[in-house]
Structures are given as C-alpha cells and as structure tokens.
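Peer 1: let me see the structure of the following:
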Amino acid sequence: MLNYITWNVDPTIFTLGPISVRWYGLMWGIGFLVGYEIILRVFKNEKCPPEWADKIFIYMAVGTITGARLGHCLFYGPWFDSYNAAGKILEEGYLSHPLNLLKIWEGGLSSHGGAIGIMVSMYLFNRNVAKKGYIWIFDRLVLAVAFTGACIRFGNLMNSEIYGEHTTAPWGFIFVRNGEILPSHPTQIYEVLYCLLALAATSYLYWKKKGYEKKGLIFGVFLIIIFFTRFLLEFIKNEQEAFEKNMLLNMGQWLSIPFIIWGVWLIVHALRQKPTTV
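Peer 2: Take a look at the predicted model:
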C-alpha cells in the first residue's frame, strides 16, 4: 500500500547560459495562453469585437502579476527591515527597499493580491474598452481565470512550496527539496482540483445553462468555489509568515471572507432578477 509520495522535482526545466526556464513560469504562460483561447471563444460566441480578446489579455496579465506581487508585499511583508542583536539586517523590508518590489524571480506572489489586481484591471478594461458593465465582464472572464489558477497552483507544486501540515494520509508528499522527512498535505493539488471544479461549474453555467443571462450568477458561483474552499484549506496549510502563527484566522482566510460574502450576494441578487442578455 502507498504510504506517501517522495517529491523531489527540480523546479528548473532546463538552463541555457544565464537563462533558466522554470516549471512555475511555464505554468503561468500556459495558463495565460489557454485562458486567452477560452475568452476568445466566449467573445466570439457573443459577437464581441475580436480585438477585445487581445486587449483583455494585456489588461489581465498586467493586473494579475502586478496585483499578485504588490499583494504579497502588502499582506505578508515585511514592510520594514528586521535586525538581529548585533544590528545586522536579518530581512529587508519592502518599504525600506522599494526596488525589492520588482524582484518577482525571488518568489512572493499573492493569489488574493492577484484577484484584486484583476478587479482593478477589469474596471479599466470596462471603462476604456468594453463598456458592458463590470459584472458582465467577470461572468465571462472567470472561465479563463479558473483554468489559469489551476496552472499556477500546479506550478507551486513543481516549486515544492505552499504545502500543508504533516499527514498520515497515503497521498501525503515528502517535499525533499525543503528538507522535509515526514509526509505533508499536498495542498497545491487540492487547490488545482478546486480550480478545475470552478472551471467545470462556470463552463457548465455559461455554455449549457446560459447563466450569463442572470448577471452575476456565474461570477458569484466562481467566488464561492474558489474562496470558500480556500478558506477551509487554510486550516491544514502551513503559515506563510511567522506573524500568522498566533492568529485566530490566518491572512489568507481573512482575505477570503470579503470575496465569499460578495459571492453570496451576487448569487442571491442574480436569482432574484429576470434573465437579461445585456
């Protein structure tokens, strides 16, 4: 019987001189490209101008990456330098060293920050391009976001990062590259699964049930699946930062609550309204 899985995958696929191609970056790229094809198909179905797909791709890419990076720096810090007893810097703070904000290659991207970045960028896309309504855009965009989210979480697995507490479950992973000797919950895989569940649910509502006729329904379902499952999953995940250790709910859970409430409100509101294609 399988008792655990030994995980020791090299996060770098190959290296050419100073350039390294990593699984994490590759999964981001696949997520964006397939997401682009998904939204292109959606826009074609609704006879939107074909150039909208190109523009929304740019808005979304910039918003996601910028928001994810700034979100990590803001929510998880540290904001200021920390020192040891001898006065030497133990860890540089982002406000003390603003250029560190740009060092995405060193890690540090927040999914909640990425969500906020997408919301801001889609506000701008709607104002400057679509002019169809903020929720109108998200009822369609979330199909692409769900797939991209699954790719990113798979990239986390390939990086052996953001996993859970120790477990005796037979599917536990020993993350060798991090010096682990006991199996842990592979929460990256759990998150891939709930992203794929969100993709299946939103695709079914869009293509089979014409859920977009009730504004906010598809978006609300997406928010509930993603952020409620994320809220529950945080109970078995390791803290990302030391300051979370003594918190009743960790940072990821506090940040998920507003999205859950918004999702519930959208669904209730959508079910009360008459169908519309506007």
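Peer 1: which residues of the stretch 101-250 of the chain score low on pLDDT?
Peer 2: Within the stretch 101-250 of the chain, the ranges that satisfy pLDDT under 70 run 104-107, 240-244.
Peer 1: counting by contacts, list what the helix or strand harbouring residue 261 packs against.
Peer 2: According to DSSP states H and E, residue 261 maps onto helix 251-272. With contacts taken as 3 or more C-beta pairs under 8 Å, 6 or more residues apart in numbering; DSSP states H and E, helix 251-272 sits against helix 51-76, helix 111-125, helix 217-223, helix 229-233. Bear in mind the C-beta positions are built from the backbone N, C-alpha and C, glycine included.
Peer 1: could I have the second one exported to PDB, CA atoms only?
Peer 2: Taking Å, rounded to 0.1, in the frame of the first residue of the first chain, the C-alpha atoms of helix 111-125 are listed here in PDB:
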ATOM      1  CA  SER A 111      -3.400  35.000  -5.100                       C
ATOM      2  CA  HIS A 112      -5.600  37.500  -3.200                       C
ATOM      3  CA  GLY A 113      -3.400  40.300  -4.500                       C
ATOM      4  CA  GLY A 114      -3.700  38.800  -8.000                       C
ATOM      5  CA  ALA A 115      -7.500  38.800  -7.600                       C
ATOM      6  CA  ILE A 116      -7.500  42.500  -6.600                       C
ATOM      7  CA  GLY A 117      -5.200  43.300  -9.500                       C
ATOM      8  CA  ILE A 118      -7.600  41.600 -11.900                       C
ATOM      9  CA  MET A 119     -10.500  43.500 -10.500                       C
ATOM     10  CA  VAL A 120      -8.700  46.800 -10.900                       C
ATOM     11  CA  SER A 121      -7.600  46.000 -14.400                       C
ATOM     12  CA  MET A 122     -11.100  44.800 -15.500                       C
ATOM     13  CA  TYR A 123     -12.500  48.100 -14.200                       C
ATOM     14  CA  LEU A 124     -10.200  49.900 -16.500                       C
ATOM     15  CA  PHE A 125     -10.900  47.500 -19.400                       C
END
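Peer 1: what's the following helix or strand after that helix?
Peer 2: Using DSSP H and E, the helix or strand that follows helix 111-125 towards the C-terminus is helix 134-158.
Peer 1: how many degrees apart are that next one and helix 51-76 in direction?
Peer 2: Interaxial angle, helix 134-158 versus helix 51-76 (axes from the mean of the first three to the mean of the last three C-alpha atoms, to 10 degrees): 60 degrees.
Peer 1: moving C-terminal of helix 134-158, what's the next helix or strand?
Peer 2: strand 173-175.
Peer 1: now do that next one: distance to the chain's middle.
Peer 2: 22 Å (C-alpha atoms, centre = their mean, to the nearest Å).
Peer 1: could you pull out the buried residues of it?
Peer 2: 173-175 (16 or more other C-beta atoms under 10 Å).
Peer 1: can you tell me which of those comes closest to residue 21?
Peer 2: residue 175 (21.5 Å; C-beta to C-beta).
Peer 1: just how off-centre is the host helix or strand of residue 14 within its chain?
Peer 2: Element membership for residue 14, per DSSP H and E: strand 12-16. Using C-alpha atoms, centre = their mean, the mean C-alpha position of strand 12-16 is found 25 Å from that of the whole chain.
Peer 1: want to throw the helices and strands packed on helix 251-272 into JSON lines with mean neighbour count?
Peer 2: As requested, the helices and strands packed on helix 251-272 are exported to JSON lines (neighbours: other C-beta atoms under 10 Å):
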{"stretch": "helix 51-76", "mean neighbour count": "19"}
{"stretch": "helix 111-125", "mean neighbour count": "20"}
{"stretch": "helix 217-223", "mean neighbour count": "26"}
{"stretch": "helix 229-233", "mean neighbour count": "18"}
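Peer 1: ok so, going back, which residues touch the very next helix or strand once past the strand holding residue 14?
Peer 2: Next in sequence after strand 12-16, counting helices and strands by DSSP H and E, comes strand 19-22. Contacts to strand 19-22, defined as C-beta atoms under 8 Å, 6 or more residues apart in numbering, come from residues 11-15, 158-159.
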